[in-house]
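A.B. asks: 3D model of this:
(chains A and B)
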Amino acid sequence: MAVITTVEQIGEFVGETVTIRGWLYNKRSSGKIRFLQIRDGTGTIQAVVVKKEVSPIAFAASDTLTQESSLEVTGTVRADSRAPGGYELMVRNIEVIQVAEDFPITPKEHGPAFLLDNRHLWLRSAKQHAILRIRSHVIQAAREYLNREGFILFDAPILTPTACEGTSTLFETDYFYGERAYLSQSGQLYAEAGAMAFGKVYTLGPTFRAEKSKTRRHLTEFWMLEPEVAYAELKDILSLAEQLVSHLVLSVLTHRTEELRVLERDESKLKSIVPPFPRITYDEALDILRQQGVSHEWGNDFGTAEDTLISQQFDCPVMITHYPLTAKAFYMKTAPDNPDVALCVDVLAPDGYGEIIGGSQREDDYQTLLKKLEAHKLPREPFEWYLDLRRYGTVPHSGFGLGIERTVAWICGIRHLREAIPFPRMLQRIYP
RNA sequence: UCCCCGGUAGCUCAGCUGGUAGAGCGGGUGGCUGUUAACCACUUAGUCGGCGGUUCGAGUCCGUCCCGGGGAGCCA
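C.D. replies: Residues are numbered from 1 along each chain as shown, chains lettered A, B, ... in the order given. All right, here's what the predicted structure looks like:
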C-alpha cells in the first residue's frame, strides 16, 4: 500500500510511491501518453500516464476521465521542471471513483452571472480557491493576533430584538408569539457588554444589511470582526487597528505566497503596509479634497468618489478621524474639545477598496447617551440594557468593526466582494 | 428607488441601412511519446429572454414586462 498524501506535502516524497486522492482538473493526451492535472484541495499536480508502464485497464481508464471526475492516483513522485508546480507523479495505477458528467465550468472564459449560478462548482477553480484560502488565513491570523493580545472571543447574537444602530434597513423575521426579530447588523453593542465583563473582547460573525445596495463593494450578508476594549480611548484603537491590519497583511505575505501569485497580486504594494498608518482628521480630508478640486460640504459623510480620492494620496490605509456628529451613529462619543465632531475613525484601504474599518470611542456617560438616543429618534426600551452599561461602572471604551470581505478583496486585489466569500448574498441573488 | 449596459448553441460572443443563424470553446469520433487554457481532422449543437405591434418578411425596428450586470445613495 502506497502512503496517502496531499499535493501540498508532495515535495517530501520525492522518489517514493504515494497515492493522491482528488479530482481531474484538466487532461492532455498525446498518443501513448496522458497528462492528468489533478487537484486535491491543497494544490494541483500533473500525473503522467505512460501506456507501457500501467495496466491496459488503468490506461483505458485515463481516457474515460472527464473534467472533475474523482479518482485516486498512485505513482512515483518526481521533480521535473517541465511540470507546473515542479513535481509530477509517474502513474502506476488509477482508481476511478466516479466519471463526472460534463462539467459546466470549462477552462475557458465565463460571464459573472453563469459563474455565480454555478458558485458551488466555481469554488473549485484556481483563482477562487486562492481567494478563499487567503480568506481563511486572514481570519485565522486575526484571531491569532487578538488572542495573543489578551482578547477573548465573545460571540454576539444574530437574532436581535432591534436595530443596533437604528439607521440601516434590517432583515425582519417572525419570532415566537407574534414577536419580531431582526438579523444582526452589528455585534458591537453586545461587544460593549462583553468589554465591561472581560476587558478586551472581539466578536466575529455574519452581519446582515437589507440595503438595496447594488455595487461590487456591498453584500447583504457579510462577516465582521469587532474588537471592543474597556479603558481604551480613540488613540488606543487607532493603534490597535493599524497593528491588526498590518499583521494580517504580513501574515498573508508570509504564509500565502502561492495564492498571491495565482492572483497576480502586486506584492510590493502589500509589503509597504507597515505602521504607522497616516492619520488625518475629517477637516484635513476636506483640505485634500479641495486641493484635488473637489468641494465637499462640511457635515456630510464622504461618498465613494471622495473616499477613493483621499485614499489615493497614501500607500498605506489612511485613518480619518473626527467626523461631524451628524454623519455618524448615536453611540459615538463627542470630542471634548469640539461639540460638533465624534471621536471616531474610518480606515480606508488603498487603491479605492474603500472603508475596511469603522470605529469609535463610545459614549460612556448615561445622561449624554440618553440624549443622543433621543436626538436620533430611537426608542428607549430596547436600549435599556445598553444604558445599564453606563449605570454600573461605566468606563471609557472603544472599538471598531473590520469588514472581512473588503479586507480580503483588498489583500487579494480582486475587483468584486462577491468572490471574497464562499456563497455571496446580494440584492439580486440568494442562489445557490 | 434612480441612472447606464446587456439577454443569440452547454459556455464566451459575432450577426451592418430588416431577407429566415455563425465562430471559438465544451461534448462526440479518429490521430499523435512530454503536453502546459496542448494540437490536427471530422462531427454535434438553437422556442435568438417573454408577450404584443409595424412589415410581404423581425435576432435586427417600436411598445411593454421579466431577468442579469455595472454605478449612485447607504454602509463594512
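A.B. asks: phi, psi for A:Ala58 please.
C.D. replies: Here is the backbone geometry of A:Ala58 (degrees, to the nearest 10): phi -70, psi -40.
A.B. asks: got the confidence number for it?
C.D. replies: We note a pLDDT of 83 for A:Ala58 in this prediction.
A.B. asks: and it, what is it in contact with?
C.D. replies: A:Ala58 sits next to A:49, A:91, A:93-94 when contact means CB atoms under 8 Å, 6 or more residues apart in numbering. For glycine as for every other residue, the C-beta is placed from the backbone atoms N, C-alpha and C.
A.B. asks: find the pair from those with maximum spatial separation.
C.D. replies: Greatest spatial distance among the contacts of A:Ala58 (CB to CB): A:Val49 and A:Asn93, at 9.9 Å.
A.B. asks: count of neighbours near whatever residue of chain A ends up closest to RNA strand B?
C.D. replies: Nearest to RNA strand B in chain A, going by CB to the nearest atom of the strand, is A:Gly31, at a distance of 2.1 Å. Neighbourhood size, A:Gly31 [other CB atoms under 10 Å]: 6.
A.B. asks: any of the contacts of A:Ala58 buried? List them.
C.D. replies: A:49, A:91, A:93-94 (16 or more other CB atoms under 10 Å).
A.B. asks: could you dump those residues to TSV with secondary structure and distance to RNA strand B?
C.D. replies: Shown next, in TSV, are those (DSSP: H, G, I helix; E, B strand; the rest coil; distance: CB to the nearest atom of the strand, whole Å):
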residue	secondary structure	distance to RNA strand B
A:Val49	strand	10
A:Val91	strand	10
A:Asn93	strand	17
A:Ile94	strand	16
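A.B. asks: would TSV of those with pLDDT and distance to A:Tyr392 be doable?
C.D. replies: Output for the buried ones among the contacts of A:Ala58, formatted as TSV (pLDDT from 0 to 100; distance: CB to CB, whole Å):
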residue	pLDDT	distance to A:Tyr392
A:Val49	90	71
A:Val91	92	69
A:Asn93	90	69
A:Ile94	90	68
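A.B. asks: for the residue of chain A closest to RNA strand B, give me phi and psi.
C.D. replies: Taking degrees, to the nearest 10 as the convention, A:Gly31 sits at phi 60, psi -110.
A.B. asks: read off the pLDDT value for it.
C.D. replies: A:Gly31 carries a pLDDT score of 76 in this model.
A.B. asks: then A:His218?
C.D. replies: pLDDT, the model's per-residue confidence, is 89 for A:His218.
A.B. asks: then A:Met1?
C.D. replies: Note on A:Met1: pLDDT of 68.
A.B. asks: so which bits of the stretch 1-150 of chain A are right by RNA strand B?
C.D. replies: A:26, A:28-33, A:35, A:37, A:46, A:48, A:50-52, A:66-67, A:80, A:82-84, A:88, A:90, A:102, A:104, A:106-114, A:116 (CB under 7 Å from any atom of the strand).
A.B. asks: and these, which are buried?
C.D. replies: A:35, A:37, A:46, A:48, A:67, A:83, A:88, A:90, A:116.
A.B. asks: of these, which belong to helices?
C.D. replies: Taking DSSP state H as the definition of helices, these contribute A:Leu116.
A.B. asks: show me which pair in the buried ones among the residues of the stretch 1-150 of chain A next to RNA strand B is furthest apart.
C.D. replies: It's A:Met90 and A:Leu116 that sit farthest apart of those, by CB to CB, at 39.1 Å.
A.B. asks: for A:Ile320, what are phi and psi?
C.D. replies: phi -100, psi 120.
A.B. asks: name whatever forms a beta bridge with it.
C.D. replies: As for beta bridges, A:Ile320 partners with A:Ile280, A:Asp346 under DSSP bridges.
A.B. asks: so how many other residues sit close to it?
C.D. replies: Here the number of neighbours of A:Ile320 (other CB under 10 Å) works out to 24.
A.B. asks: ok, A:Arg180 next?
C.D. replies: A:Arg180 has 11 neighbours, counted by other CB under 10 Å.
A.B. asks: my read: it touches A:Phe171, true?
C.D. replies: No. When contacts are counted by CB atoms under 8 Å, A:Arg180 is not listed as touching A:Phe171 (11.0 Å).
A.B. asks: separation between A:Asp155 and A:His137?
C.D. replies: 21 Å (CB to CB, to the nearest Å).
A.B. asks: these two - which one has more neighbours?
C.D. replies: Remark: of A:Asp155 and A:His137, A:His137 carries more neighbours, 20 against 14, as counted by other CB under 10 Å.
A.B. asks: cool, thanks, signing off.
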